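Trainee: Provided below for reference: sequence and predicted model.
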Amino acid sequence: MPGPGVPGLDTSPDRTDTTCSDKVDSDTVRTVTDLNRSDDDGDHESYDITLQAVTFSYGPHAEPVLRNVDLHVPAGEHLAVVGPSGIGKSILAGLLCGLLRPVAGAVQVGGRPAADLAAILRADELAAVRMLIPQEAYVFAGTVWANLTYLRPAATAEQVASAVAAVGAGALVARLGGPSAEVRPAELSAGGPQLLALARAYLSAARVVVLDEATCHLDPAAERQAELAFAAQGGTLVVIVHRVSSALRADRILVLDGSAVTVGEHQALVSSSPLYRELLGHWQARPLTAAPVPDGPTAPDGPAVANGSAAPNGPAAPDGAVPVASAGQIHPEC
């Protein structure tokens, strides 16, 4: 098992910590992408996503959460998903990744039924096709290395180091003590599990990545770095957004309004979607000064929850970010 001195793992904070003015080096990201895929003999093409007349409800007599939805996300597109809390954004994420089956219609990823992928692919193959990172990221008691390579056990030290650097997790890995250090989930702040999960997903080089508010405990600059890193991998990226800046980075934006959807670019949606204008107004009406979330082995803000992230015990997490409870709680860029 590699130790803290893994070749190529530069964990100095000045290389990995970001501020609102920091930029992601696109040449570095491209190099990272090449490294992560260099040992894979399969094709590297992106997969498209298609929904045809999709309806989903929790039971035969329940009101549909989604009704007769048609959507095509071309291979390699970056799509943002916005909507009020409880509208069904996580349901949509589950359908895209095949974790839920529609009651009517079809969901396909790369031309295959999304819900059937787990049955026809090995676990390592599935991880290379589609990846869902939820808001409450999963980490387990074990080494940092084991957590990072869980979906890609044969990854090299250079590939792991590159993935860690790409998503901005280097400072966290250094604070934890390096790749051979033990992860104690209960001692991580809320941002720690998210960074480890992002690095793990990036290392898998999945063709389809769905981020379901997977950066909500990170500051805006760290969120930007992670999203741009995934976008630069060239796969299909779907982001359920937490901040307006995240939506504006996407190629297109999907507005979930009741059981219907509207898809378009930002300016077109400002003109055509009253709900999008309302959400945008809420985002812009709540300026916040964001500070980086502590992501080392400390949890002063509350007890641990079952999945290993820390639950805040106060009005807000250190950066002012809280899970979205209403349209007005989606946070703006700093």
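Mentor: Okay, I see it.
Trainee: what's the spacing between residue 124 and residue 159?
Mentor: Separation of residue 124 from residue 159 (CB to CB, to the nearest Å): 14 Å. C-betas here are computed from N, CA, C, even on glycine.
Trainee: quick one: which of those two has more around it?
Mentor: Shown here are residue 124 and residue 159; by other CB atoms under 10 Å, residue 159 has more neighbours (23 against 12).
Trainee: Rounded mean pLDDT for the host helix or strand of that one, please.
Mentor: Using DSSP states H and E, residue 159 falls within helix 157-167. Average pLDDT, helix 157-167: 97.
Trainee: what element comes up after that helix heading to the C-terminus?
Mentor: Following helix 157-167 in sequence order, the next helix or strand is helix 170-176 (DSSP H and E).
Trainee: Determine how far that next one lies from the middle of the whole chain.
Mentor: Taking the mean of its C-alpha atoms, helix 170-176 sits 20 Å from the chain's own mean (CA atoms, centre = their mean, to the nearest Å).
Trainee: For it, C-alpha coordinates in PDB please.
Mentor: This file holds the C-alpha atoms of helix 170-176, laid out as PDB (Å, rounded to 0.1, in the frame of the first residue of the first chain):
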ATOM      1  CA  GLY A 170      -4.800  17.400  -1.800                       C
ATOM      2  CA  ALA A 171      -4.900  19.600   1.300                       C
ATOM      3  CA  LEU A 172      -7.400  17.200   2.900                       C
ATOM      4  CA  VAL A 173      -5.300  14.200   2.100                       C
ATOM      5  CA  ALA A 174      -2.300  15.900   3.600                       C
ATOM      6  CA  ARG A 175      -4.100  16.900   6.800                       C
ATOM      7  CA  LEU A 176      -5.300  13.300   7.200                       C
END
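Trainee: Can you show me the helices along the protein?
Mentor: For the chain, helices defined by DSSP state H occupy the ranges 13-16, 26-37, 89-96, 117-120, 123-129, 144-148, 157-167, 170-176, 191-204, 220-232, 244-248, 266-272, 274-285.
Trainee: what angle do the helix holding residue 159 and helix 191-204 make?
Mentor: With axes from the mean of the first three to the mean of the last three CA atoms, to 10 degrees as the basis, helix 157-167 and helix 191-204 are set at 130 degrees to each other.
Trainee: tell me the angle helix 157-167 makes with helix 220-232.
Mentor: Using the same axes, to 10 degrees: helix 157-167 against helix 220-232 is 130 degrees.
Trainee: Go through helix 157-167 and flag the buried ones.
Mentor: By neighbour count on 16 or more other CB atoms under 10 Å, the buried set for helix 157-167 is 157-167.
Trainee: Including distance to residue 203, could those go into a markdown table?
Mentor: Shown next, in a markdown table, are those (distance: CB to CB, whole Å):
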| residue | distance to residue 203 |
| --- | --- |
| 157 | 12 |
| 158 | 11 |
| 159 | 6 |
| 160 | 6 |
| 161 | 10 |
| 162 | 8 |
| 163 | 4 |
| 164 | 8 |
| 165 | 11 |
| 166 | 9 |
| 167 | 9 |
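Trainee: Nearest to residue 136 among the residues you listed?
Mentor: Nearest to residue 136 among the buried residues of helix 157-167: residue 167, at 17.6 Å, using CB to CB.
Trainee: which one of the helices of the chain is the most hemmed in?
Mentor: Ranked by mean neighbour count, the helices of the chain are led by helix 191-204 with a mean of 27 (mean count of other CB atoms under 10 Å).
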